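Here you go, sequence then predicted model.
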Amino acid sequence: MTEGQQESIYLVYVNVCNALIYAEDMLIDDTLSKSARDVMRVIRDRLRWIKTNMDIKAEQDVSKTVDTLRYDGVMRLLSSMPDKYQGELEDLIVNYLKSIENV
């Protein structure tokens, strides 16, 4: 597996973990309608299945060693940035990564 593929799988895992957190949080919200709660329960169960199977394949519970909400916080900040600044941030990150590769 290439490094890019490993990173992609890792990001899928991070997003599944975060989605599971949000699904579980929504299920304890008393203001959510019964039909929405029923749908959310199915989504939560499927997310649990995906996470569990990814943990089994990795032979460990990776989420215990990863702060998945940190990634979520970064994505929230990025998604609320104007397009102009998103491009500038992307350039900054690319240049930074190039600089640390040469160290």
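Thanks, I have the structure now.

Tell me where the model's unsure across this structure.
60-65, 103 (pLDDT under 70).

Okay, helices next: where are they in it?
Along the chain, counting by DSSP state H, helices occupy 3-27, 34-58, 68-79, 83-101.

count of residues packed around residue 92?
Neighbours of residue 92 under the rule other CB atoms under 10 Å: 10. (Glycine included, C-beta is placed from N, CA and C.)

Please disregard the earlier target; I meant residue 17.
Number of residues near residue 17 (other CB under 10 Å) recorded here: 21.

Disregarding residues adjacent in the polypeptide, which is nearest to it?
residue 68 (4.2 Å; CB to CB, 6 or more residues apart in numbering).

mind listing what that neighbour touches?
By CB atoms under 8 Å, 6 or more residues apart in numbering, the residues touching residue 68 are 14, 17-18, 21.

At the geometric centre of this structure, which residue sits there?
residue 15 (2.2 Å; CA atoms, centre = their mean).

List the residues that contact that residue.
residue 71.

From residue 83, how far out is it?
22 Å (CB to CB, to the nearest Å).

Check residue 21 too.
29 Å.

So between the two, which is more surrounded?
Here residue 21 and residue 83 are set side by side on neighbour count (other CB under 10 Å), and the busier one is residue 21, at 16 against 7.

Now do the same contact list for the more buried one.
Contacts for residue 21 (CB under 8 Å, 6+ apart) come out as 68-69.

can you rerun that using 10 Å?
44, 47, 63, 68-69, 72 (CB atoms under 10 Å, 6 or more residues apart in numbering).

got it, and residue 17?
47, 50-51, 54-55, 62-63, 66, 68-69, 71-72.

How about residue 23?
With CB under 10 Å, 6+ apart, residue 23 has these contacts: 40-48.

ok, the closest residue to it other than its chain neighbours - contacts?
Leaving out its chain neighbours, the residue that sits closest to residue 23 by CB to CB, 6+ apart is residue 44, at 4.0 Å. By CB under 10 Å, 6+ apart, the contact list for residue 44 reads 19-27.

Residue 26 and residue 32, how far apart?
Residue 26 is 6 Å from residue 32, by CB to CB.
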